[in-house]
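Participant: My questions concern the predicted model and sequence given below.
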Amino acid sequence: MKVLIIEDNEELAESVREFLVREGYVCEIAYTCQQAEEKLFMFQYDCILLDIMLPDGSGLKLLNLIKAEQLQSNILIISAKNSLDDKVTGLEEGADDYITKPFHLPELHARIRAIYRRKNLNGSNIVQFNEISLDTNTLEARINNLLLDITRKEFDLLLYFVVNKNRVLSRQSIAAHLWGDYTDDLANFDFVYQHVKNLRKKIAAANGTDYIATVYGIGYKFNATAS
Amino acid sequence: MKLINKFTLWYLCIALTCTVVGTAITYYSIKSRIDNAAFDRLKTINQLAAEEIKAGTLGDSVVQGRKVEVHELSTALPTKPFDITEVPSVNPTTNKPESILTIRSYYAINGKNYRITCYGYISKADQILSGLEVSVLWKWALIIFLIAISARLVSRLVLSPFNKTVKAIESFNLKKKERLQLPVTNTKEFIELNTFVKAMTDKAIDDYNSLKEFTENASHELQTPVAVMRNKLELLAESDLTDEQAVMISDIQNSLDKLSRINSSLVLLTRLENHEYETKEPLHFCRLINSSLATYKELIEMKSLSLSKNVAKSVYVQLHPMLGDLLLNNLISNAIRHNIPNGTIQVQLTHTSLIIQNNGTEPSVPTEELFQRFKKSDQCSKSIGIGLAIVKQICDIHHFAIQYNYDNGLHIIEIQFKSVDAPTPPIVFETVAEQEPAFIVQPV
């Protein structure tokens, strides 16, 4: 997948690029509106990560341009402004999703994948990994075609793991993914632990491979190479 | 009372005082004029009679058609040359109550002392007064009529700049950032008022804008470095780490999380204070509560808590959806977090109130203080202690009354609100839903 990162903060853009490159994506970075325009006219991208506040203009302007030129890219707005107006405007102007800084890299990746599934796979909403198959429409998880009895949160968790396989997922990132921001609640980690435990139990009960490993001190990792 | 009515009343009071005093003056001046004229006439007759006595021509005791009584006095002349008496009596010719004015003059003529008496009828005071009454009544009718008319017309004319200013202030909204347009007037007081109001609202708009700008900048400028740190740590976490390094990274991530939450919560509180979340659409509150509870269902089960809910149907409140979400999420997650093992959570929603109760240990500080920012019952707990401050702020700006009580092992939060009508015409064939059995609510 080819991704254009439009972000004026070099370190942030570089982090995002590094993370996505490890996922096998081709990434380019534009630091200004002007650079972004040049790249957009020359190349085609599957996904555009768009910061709203850029040194030489608003990202919303670029959004209009992308729509006017009928570029077939998915657009994910990255904004430091957690303001509702921006969110509504952005989505109304044709963005596909909106994520607020500071985000977790696995969360950003999960969002990119979600948009991609929604828009590019022609309604096929199956995420498949080895024996695990996840239907993002019906929220059904199967292992070797055996339906797993899992809750909504456990489904979200498993999908998050599968999308971010072989990545270290911190407890913070999982908690934020499952419960969102604004819960004044850092003790959610206990629940992360509980959810992961339950999920592993259920996968094991269905004779699935235990891909989920604990990373000491930090969180968990979905080991695609586990056997 | 309307300003114009106050003015009118004052003017009427002044008019009344003037009329009373004026009538009294008129009465006395007319009466003294009439009395003096009659007195002068009678005195002249007495004088003529005295001259006739002197000349010896007074025969029939009639002078100029008026009867005079002449007495020869045996005593000396009184010091005063005449005296006057006025006695009420009925005039036999007109048959009306009048007064008899009697004047006695004393003369020394040809060495003898005489008292010459003469009288005449004059109008009584009552009659003058009744004549005045009619004119006073007419005058009053005219005054009231004119004041009433002019009060309506003139006030509309004179007070119109004032009324326009009031209307402009009423429709003034900081959020629209439109500067106040005030009518031009030549009344000094209104010019002063308009200048003051204009300066005040302009200042408010400027302050509001700079505050908004600051919060937005603060939010933006802080979130980006936090994002960089967080993402770099995530990349670092993927490298080969010793256990100690991993724990350190985790600790840094926790602190970053806290920093970012504090920042976004403070920005949110400021936005709430600025009334940036206004909505016209009523919020389907009961539905939101059910979905919010569903989100936390698993957490509740994991902590082995039992949830009982009694949620009324068709409850709508005037609240922004995001704030409604925030309010409920904070309250419910608090009720879960501060619960005891195998504890209970009770949620009750009526058309006027929301009560959330949960078991928990006794708070170490008075419950009211827990609404303050960064105030926690357990200072070393992992939360940042801003959830209830946000809840309180949301309640305050929507004029909901919120109460937090601790009673016999139960934390009870009660929010009283005013529900509004459903946004669209209500569903016609709605049947009365069977109510779930209500649980007993502890007296608050």
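Facilitator: Right, received. Where do you want to start?
Participant: where exactly do the strands run in chain A?
Facilitator: Secondary structure of chain A (DSSP state E): strands located at A:2-6, A:26-30, A:47-51, A:53-54, A:57-58, A:74-79, A:97-100, A:126-129, A:132-135, A:140-143, A:146-147, A:168-170, A:212-215, A:219-222.
Participant: cool, and the stretch 151-300 of chain B?
Facilitator: Shown for the stretch 151-300 of chain B, the strands assigned by DSSP state E, counting those that start in this stretch span residues B:283-284.
Participant: Would you mind naming what in it lies close to chain A?
Facilitator: B:216, B:219-221, B:223-224, B:226-232, B:234-235, B:237-238, B:243, B:246-247, B:249-250, B:253-254, B:256-258, B:260-261, B:264-265, B:267-268, B:271, B:277, B:295, B:298-299 (Cβ under 8 Å from any Cβ of the partner chain). Using the backbone N, CA and C atoms, a C-beta is placed for each residue, glycine as well.
Participant: Could you list which of those belong to helices?
Facilitator: Among these, the members found in helices (DSSP state H) are B:216, B:219-221, B:223-224, B:226-232, B:234-235, B:243, B:246-247, B:249-250, B:253-254, B:256-258, B:260-261, B:264-265, B:267-268, B:271, B:295, B:298-299.
Participant: In space, what's closest to residue A:134 - neighbours in sequence excluded?
Facilitator: residue A:127 (4.4 Å; Cβ to Cβ, 6 or more residues apart in numbering or on different chains).
Participant: can you tell me how far the closest residue to residue A:189 other than its chain neighbours sits from residue A:48?
Facilitator: In space, and not counting its chain neighbours, residue A:189 is closest to residue A:171: 4.7 Å by Cβ to Cβ, 6+ apart. Noted for residue A:171: a distance of 30 Å to residue A:48, by Cβ to Cβ, to the nearest Å.
Participant: Kindly report the same for residue B:152.
Facilitator: 67 Å.
Participant: In terms of neighbours, single out the busier of the two.
Facilitator: Shown here are residue B:152 and residue A:48; by other Cβ atoms under 10 Å in any protein chain shown, residue A:48 has more neighbours (26 against 12).
Participant: residue contacts, the more buried one?
Facilitator: A:3, A:4, A:6, A:40, A:66, A:73, A:74, A:75, A:76 (Cβ atoms under 8 Å, 6 or more residues apart in numbering or on different chains).
Participant: what does residue A:213 give?
Facilitator: So residue A:213 contacts A:220, A:221, A:222, A:223, A:226 (Cβ under 8 Å, 6+ apart).
Participant: Got the confidence number for the nearest residue to the last one once chain neighbours are set aside?
Facilitator: Setting aside the residues directly before and after it, residue A:226 is nearest to residue A:211 in space (Cβ to Cβ, 6+ apart), at 5.0 Å. Residue A:211 is assigned 92 on the pLDDT scale.
Participant: ok, now residue A:84?
Facilitator: 62.
Participant: Just name the shakiest helix or strand of chain A by mean pLDDT.
Facilitator: Every helix and strand of chain A was ranked by mean pLDDT, DSSP states H and E. The lowest is helix A:84-92, at a mean of 73.
Participant: follow-up on the earlier one: I'd say the residue nearest to residue A:134 and residue A:136 touch.
Facilitator: Yes - under the criterion of Cβ atoms under 8 Å, residue A:127 makes contact with residue A:136 at 6.4 Å.
Participant: any residues in contact with both of the two?
Facilitator: Looking at what touches both residue A:127 and residue A:136 (by Cβ under 8 Å, 6+ apart), the common residues are A:117, A:159.
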